[in-house]
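this one's structure only:
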Ligand code: COA
Ligand code: ZN
């Protein structure tokens, strides 16, 4: 395939949000630096949410203030309400990542708001983004299925997109928050939304809970998706999804795409270096297959 794909790295936000042991801000900065050195240009760095809900990211303002700015690199922060958006803007963020759930139950568990209340926050945040000249993206969580409510009908997704388009936001992420999607379904939804909304950017945000993450990426890319979200090392999981696991690992994703001739612009060796930093940071083995391979090679070399 002679196309290129943009990788949005979400490890620092989605990947770390469920880590119980607080990771010092300097370590998070070191990971951000390693990611930009590997060529990553879109980094979701943190979230501005209640520190009681997500204690790990309570250093959001400090982190954003310290992020090293490089040409072509965009740092975004997840926000779920007006307060978070105002705090993120005050800290100097230039992209707001809003999230709304397709499922009422997940919405209540995640942000203690109904979907309608969440949409009302989206309108306020979109105005703030416009006033401040920053971009806004919107993630549709649980788009491929909800562990509490089951399948999400297409009309639900279209309804949310239609409502959000009225606020002026034009970048969406289809989120498989609980890793319930399958490649056939991903292919169908991607093709449908791209046909229905030709001037809108859609990205895929996939969790590898059932091992279908990369297969779903392939289905999405074949379906026309050109922005994929992933976590270095396969870090992560939503704290409001039972037994949630991480996103697809960035280094595994980039390997697959590059081997297929899909360009990502990222340096695979440097991504592995970043993954090792991520693994050291959380103090346990991460699910990435390339990290496992690196560990095995290291053991074998020591034995020789
Ligand atoms: N940043 C920091 N603190 C915030 C905040 C924000 N964006 N929004 C609310 N708060 C604080 C309030 O000041 C209040 O603090 P206090 O108890 O010390 O007075 C507390 O959080 C609760 O506020 P309230 O408005 O009653 O909210 P809630 O308890 O109904 O929780 C959210 C709603 C949205 C604040 C909370 O559920 C949340 O932050 N969720 C984020 C979930 C998330 O990040 N999920 C993963 C991403 S998909
Ligand atoms: Zn996620």
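Ah, there it is. Remember, predicted model here, so these are calculated numbers, not experimental data. Ligands and ions are numbered 1, 2, ... in the order given.

stretch 235-249 - what's its average pLDDT?
In this model, stretch 235-249 has a mean pLDDT of 82.

quick one: contacts for the spatially closest residue to residue 167 that is not a sequence neighbour?
Closest residue to residue 167 apart from its sequence neighbours, by CB to CB, 6 or more residues apart in numbering: residue 126 at 3.7 Å. In short, each C-beta sits where N, CA and C put it, glycine included. Taking CB atoms under 8 Å, 6 or more residues apart in numbering, we find residue 126 in contact with 98, 136, 164, 167-169.

the stretch 1-150 of the chain: helices as residue ranges?
Assigned by DSSP state H, counting those that start in this stretch, the stretch 1-150 of the chain shows helices spanning 25-37, 60-66, 82-91, 104-111, 115-132.

same list (those) but as a markdown table, adding mean pLDDT and distance to residue 284.
Formatted as a markdown table, those follow (pLDDT from 0 to 100; distance: least, CB to CB, whole Å):
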| stretch | mean pLDDT | distance to residue 284 |
| --- | --- | --- |
| helix 25-37 | 98 | 15 |
| helix 60-66 | 98 | 22 |
| helix 82-91 | 98 | 29 |
| helix 104-111 | 97 | 25 |
| helix 115-132 | 98 | 33 |
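
okay if I get the ones you listed as CSV plus distance to residue 72?
Listed next are these as CSV, based on distance: least, CB to CB, whole Å:
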stretch, distance to residue 72
helix 25-37, 9
helix 60-66, 18
helix 82-91, 21
helix 104-111, 32
helix 115-132, 20
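
those helices: which one's closest to ligand 1?
Closest to ligand 1 of the helices of the stretch 1-150 of the chain, according to CB to the nearest ligand atom: helix 82-91, at 3.1 Å.

so, low pLDDT: which residues of the stretch 201-304 of the chain?
300-304 (pLDDT under 70).

strands along that one, start to end?
Secondary structure of the stretch 201-304 of the chain (DSSP state E, counting those that start in this stretch): strands at 201-206, 227-230.

quick one: which of these is nearest residue 29?
With respect to residue 29, and counting by CB to CB, the nearest of these is strand 227-230 at 20.1 Å.

for the closest one, buried residues please.
The neighbour-count check on strand 227-230 (16 or more other CB atoms under 10 Å) flags 227-230 as buried.

which of those residues sits closest to residue 64?
For the buried residues of strand 227-230, the nearest to residue 64 is residue 229 (19.2 Å; CB to CB).

so who does that closest one touch?
Counting by CB under 8 Å, 6+ apart, residue 229 touches 7-10, 14, 44, 173, 203-206, 247.

next: residue 85.
48, 79, 96, 98, 124-125, 128-129.

between the residues you listed, which is nearest residue 159?
Distances from residue 159 to these, taken by CB to CB, are shortest for residue 98, at 16.4 Å.

from residue 161, how far off is that closest one?
13 Å (CB to CB, to the nearest Å).

mind checking which of those two has more residues around it?
A direct count of neighbours by other CB atoms under 10 Å for residue 98 and residue 161 places residue 98 higher, at 25 against 20.

in this structure residue 81 contacts residue 122, no?
No. In this structure, residue 81 is not within contact of residue 122 by CB atoms under 8 Å, at 9.8 Å.

more neighbours: which of those two?
More neighbours surround residue 122 than the other of residue 81 and residue 122, with 26 against 22 (other CB under 10 Å).
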